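Visitor: Only the shape, not the letters, is given here:
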């Protein structure tokens with residue numbers, strides 16, 4: 001299978017995670033790709049430039065509401081996975097991407113996780129959750145290898 005035939009889902013939450021994900025734009029043209037992120041005014045604009053699907057935005061500072069939104073996002077992630085049929089999941093985190101990573105592993109697909117550039121000395125929750133199942137786990141700070149010994153230091157994606 002050549003690269004252009006590989007289906008890759010690039011998934012992340014809003015904000016800095018999405019900003020980092022979009023830094024991978026040079027990879028987009030090499031694959032049959034699709035972006036998944038949370039829906040907002042900003043991300044709706046991105047749909048004019050990229051093939052994109054949306055999950056529901058859920059801030060964890062409202063735990064009860066977040067639980068319902070996260071549950072919905074798990075189901076929607078499964079639906080999108082079955083619809084897109086990706087070979088690889090690439091994510092910069094955070095919580096929005098975790099279900100998709102586990103769904104991909106259940107179906108025997110590859111998972112690539114890039115730990116946040118903002119985390120220089122402590123791991124993210126999503127990083128800790130995905131690390132055990134990631135086929136490739138990339139850190140952007142050399143010091144993060146103490147938390148993720150099997151990780152690859154990739155340097156900054158900025």
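Guide: Arrived safely. Just so it is clear, the structure is predicted and the values come from calculations on it, not from any experiment.
Visitor: Report the buried residues of the helix or strand hosting residue 42.
Guide: Assigned by DSSP states H and E, residue 42 falls within helix 41-46. Neighbour-count burial for helix 41-46 flags 43, 46 (criterion: 16 or more other C-beta atoms under 10 Å). Just so you know, the C-beta spots here come from the backbone N, C-alpha and C atoms, and that holds for glycine as well.
Visitor: right, and the helix or strand after that helix?
Guide: strand 52-55.
Visitor: Identify each buried residue in the next helix or strand after that following strand, please.
Guide: The C-terminal neighbour of strand 52-55 among helices and strands, as given by DSSP H and E, is helix 63-84. Neighbour counts over helix 63-84 (16+ other C-beta under 10 Å) mark 69, 70, 73, 74, 76, 77, 78, 80, 81, 84 as buried.
Visitor: Quick check: the closest residue to residue 144 other than its chain neighbours vs residue 80, distance?
Guide: Among residues not flanking residue 144 along the chain, residue 115 sits closest, at 6.0 Å (C-beta to C-beta, 6 or more residues apart in numbering). To residue 80, residue 115 is 23 Å away according to C-beta to C-beta, to the nearest Å.
Visitor: Which neighbouring elements make contact with the helix or strand bottoming out on mean pLDDT in the chain?
Guide: Of the helices and strands making up the chain, the lowest-confidence element is helix 41-46, at a mean of 91, by mean pLDDT, DSSP states H and E. Judged by 3 or more C-beta pairs under 8 Å, 6 or more residues apart in numbering; DSSP states H and E, helix 41-46 is in contact with strand 32-38, strand 52-55.
Visitor: Using TSV, lay out these together with mean neighbour count.
Guide: Output for these, formatted as TSV (neighbours: other C-beta atoms under 10 Å):
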stretch	mean neighbour count
strand 32-38	22
strand 52-55	19
